[in-house]
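In: Just need the structure, nothing else, for what follows:
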Amino acid sequence: MYYEIVLKVPNKNNLGELIEEFLYEHFTQGWEITEEKNMIIFKIYAKERDPEIDNLEKFLAKHLDIEVEYRLIKEENWAEVWKANFRPIKLGKNLVVIPPWEKYESYSEEIVIIIEPAQAFGTGHHPTTQMMLENIENYAEKFGKGFLKILDLGCGTGILGIACAKLISNCKIWAVDIDEEAIKACKYNVKLNQVQEKFFIQKEIPEEKFDLILANIGYRELKNLASSIKKHSKKDRTHVFLTGILNEDAEKIEKLYRNLGYQLVKKQSEKEWAFLWMKL
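Out: Down below sits the predicted model:
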């Protein structure tokens, strides 16, 4: 059984941003947001007895002005819930993300990424994923020649690595995630997109140095893994894409990576989320 959890959040005091930051750090299955007059509505999906629900309830206990509704969904209806909330989306110049149940006729220049959402983060609908995909496309246009080693740190569904595999002809991608469900989802989606020959999917960062490092993993993780990201970067060569951070935290992350020797190439913002393109 699954829960659909609806949060009705008053649109005041940056409470919506606080909720989304919490969800981004603690929930792997994704959520959707709609805005009404003076109210932000979050729909969250989680398994019954999932520890994520306990974490959410502890968080909500500190914010009593948030209205909460629970709806139990039978296992056999879970796919239908996802289908209702996951529609094709066009990103960047030529990228299109679709679920496997959607029939889509692409134009010749379009690059279609098929994602079965399962229970991992990354369908292309979150602003951080969108900024990543748009900039992967830009990177591929500018630097996608020759053989490239790419690290997708916190790979989730594998959407970012799959985009690299389809945009860059000669590359190897190491997709890394500590979550077992993410590993399963990534393997499934890589096979679904027929790019498995370009992938290594594992729980630990390999002893390699990379040309491109993708890290859509949140403020705390970007801070804690900064030295490891530096260790796996090539001097004067590696580009690092950092997101999962709120706009208010972007300057702190930028400063941290600058102190490690990286230079800012590009800063981008979408809603309350920030993206940093750094280069060593």
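In: any chance you could map the helices in this structure?
Out: Assigned helices in the chain, in chain order: 15-26, 51-60, 78-85, 127-143, 159-167, 180-192, 219-224, 226-231, 247-259 (criterion: DSSP state H).
In: if you compare the ones you listed, which one is most tucked away?
Out: helix 159-167 (a mean of 26; mean count of other CB atoms under 10 Å). From N, CA and C alone the C-beta is placed, and that goes for glycine too.
In: Mind giving me the packing neighbours of that one?
Out: Secondary structure elements in contact with helix 159-167, counted by 3 or more CB pairs under 8 Å, 6 or more residues apart in numbering; DSSP states H and E, are strand 111-114, helix 127-143, strand 148-153, strand 171-176, helix 180-192, strand 212-216.
In: Now do the last one and strand 171-176, the angle between them.
Out: Put plainly, it is strand 212-216. Put simply, strand 212-216 runs at 30 degrees to strand 171-176, going by axes from the mean of the first three to the mean of the last three CA atoms, to 10 degrees.
In: pull the CA atoms of strand 212-216 into PDB?
Out: This file holds the C-alpha atoms of strand 212-216, laid out as PDB (Å, rounded to 0.1, in the frame of the first residue of the first chain):
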ATOM      1  CA  LEU A 212      32.200  15.900 -16.300                       C
ATOM      2  CA  ILE A 213      30.800  15.400 -12.800                       C
ATOM      3  CA  LEU A 214      27.000  15.800 -12.300                       C
ATOM      4  CA  ALA A 215      25.800  16.300  -8.700                       C
ATOM      5  CA  ASN A 216      22.100  17.000  -8.100                       C
END
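In: Could you report the neighbour count for Gly124?
Out: By the measure other CB atoms under 10 Å, the count of residues near Gly124 is 24.
In: hang on, isn't it packed against Ile115?
Out: Yes - checked against CB atoms under 8 Å, the pair Gly124 and Ile115 is within contact range at 6.9 Å.
In: what is in contact with those two at once?
Out: 97, 159 (CB atoms under 8 Å, 6 or more residues apart in numbering).
In: Take the helices of the chain and lay them out in TSV including mean pLDDT.
Out: Below are the helices of the chain laid out as TSV (pLDDT from 0 to 100):
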stretch	mean pLDDT
helix 15-26	82
helix 51-60	84
helix 78-85	64
helix 127-143	96
helix 159-167	97
helix 180-192	93
helix 219-224	90
helix 226-231	97
helix 247-259	95
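In: quick one, what contacts Leu60?
Out: Applying CB under 8 Å, 6+ apart, we find Leu60 in contact with 7, 66, 68.
In: who touches Arg220 in this structure?
Out: Arg220 makes contacts with Glu25, as judged by CB under 8 Å, 6+ apart.
In: Kindly apply the preceding question to Lys62 instead.
Out: Taking CB under 8 Å, 6+ apart, we find Lys62 in contact with no residue.
In: my guess is Val195 contacts Ile162, does it?
Out: Yes - with contact taken as CB under 8 Å, Val195 and Ile162 are classed as touching, separated by 6.0 Å.
In: Noted, bye for now.
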